[in-house]
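*Asks:* The sequence and its predicted three-dimensional model are supplied below.
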There are 2 protein chains.
Amino acid sequence: MELAFEKSGGLLPAIIQDERTGEVLMLGFMNAEAYDVTRRTGEVVFFSRSRNKLWNKGESSGHVLKVRDLRVDCDADALLVRVEPLGPGVCHEGYRSCFFRELDSNGEPRIVAERTFAPETVYGQPAAPGKERV
Amino acid sequence: MELAFEKSGGLLPAIIQDERTGEVLMLGFMNAEAYDVTRRTGEVVFFSRSRNKLWNKGESSGHVLKVRDLRVDCDADALLVRVEPLGPGVCHEGYRSCFFRELDSNGEPRIVAERTFAPETVYGQPAAPGKERV
């Protein structure tokens, strides 16, 4: 089926959910090529907006996301990718999920998850801007 | 905290997840005003890209989304809103979740959910483009 890539400048948001636990792990973007490669290889590939190229999730960390199923919404302009995540977490800050902060009623963040790995041992240096970022 | 609204032309993707079941229900977009109103009222408000204005989710259906908690990702450019959904479903096609179709290995859709309501009884006419759409 046709997906509505043109609706948002060629990119669709792709929600990544742990198939086993239901936890939402991250959100990335896919262009048509990233979507095709993801579907063909069974491993999640995004389009990195900051680096302006395809981004094989896990290419530096080894924390690959194995696709279990791929869903599309009613308007064909958003994807839900249910995955088996390899490794202890998807977030370059060292958490299982990128959504490790809750916003309180004043909009201030509070960390609500435990770190599951030390980013510097995985990425070779302290988590830095541009390292495995969307 | 500052959210990265400017990164995507003023809009952040907001994932809506049923807090109780973990099911991902839909994805919408929020501008700064929609985010503020959502936080202040405790009910999800999006910015509709097609109608170019705020969209109180449930305004025509009554299927309001009560915010249970609000999370932000590591780059502050995506939101995860965990909700209590009122009513039988969020999708204008009559499903609990907008992600009611799985894509097979050829990229063809297959419906994997049961309809939970008849859209025409909720929206007064068969589901039509522009009716409660992002």
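*Replies:* Thanks, I have the structure now.

*Asks:* From now on I want contacts and neighbour counts done on CA atoms only, so please keep to that.
*Replies:* Will do.

*Asks:* and chain A, which residues reach chain B?
*Replies:* Within chain A, the residues that sit near chain B (CA under 8 Å from any CA of the partner chain) are A:1, A:13, A:15, A:22-23, A:26-27, A:39-40, A:69-75, A:78-80, A:91, A:93, A:98-105, A:107-109, A:133.

*Asks:* Quick one: buried ones out of those residues?
*Replies:* A:13, A:15, A:22-23, A:26-27, A:39, A:69-74, A:78-80, A:91, A:93, A:98-103, A:107, A:109, A:133 (16 or more other CA atoms under 10 Å in any protein chain shown).

*Asks:* Could you tell me which of the residues you listed belong to helices?
*Replies:* Taking DSSP state H as the definition of helices, these contribute A:Arg39.

*Asks:* Show me which residues of the lowest-mean-pLDDT helix or strand in chain A are buried.
*Replies:* One helix or strand of chain A scores below all others by mean pLDDT, DSSP states H and E: helix A:119-123, with a mean of 88. Residues A:Pro119, A:Val122, A:Tyr123 are the ones in helix A:119-123 that count as buried (16+ other CA under 10 Å).

*Asks:* Could you pull up the residues touching the nearest residue to A:Gly58 once chain neighbours are set aside?
*Replies:* In space, and not counting its chain neighbours, A:Gly58 is closest to A:Val64: 4.4 Å by CA to CA, 6 or more residues apart in numbering or on different chains. Applying CA atoms under 8 Å, 6 or more residues apart in numbering or on different chains to A:Val64 gives the contacts A:Glu43, A:Val44, A:Lys57, A:Gly58, A:Pro85, A:Leu86, A:Gly87.

*Asks:* Would you mind giving those as CSV with secondary structure and pLDDT added?
*Replies:* What follows is these, written out as CSV (DSSP: H, G, I helix; E, B strand; the rest coil; pLDDT from 0 to 100):
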residue, secondary structure, pLDDT
A:Glu43, strand, 98
A:Val44, coil, 98
A:Lys57, coil, 96
A:Gly58, coil, 94
A:Pro85, strand, 97
A:Leu86, coil, 96
A:Gly87, coil, 94
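
*Asks:* Neighbour-wise, give me the winner out of the residues you listed.
*Replies:* A:Val44 (26 neighbours; other CA atoms under 10 Å in any protein chain shown).

*Asks:* Grab the nearest non-local neighbour of that residue.
*Replies:* That would be A:Thr38: by CA to CA, 6+ apart, it lies 5.0 Å from A:Val44.

*Asks:* And for the one you found, the neighbour number?
*Replies:* 21.

*Asks:* swap in A:Ala118?
*Replies:* Neighbour tally, A:Ala118, other CA under 10 Å: 17.

*Asks:* Before I go, just wanted to say thanks for your time.
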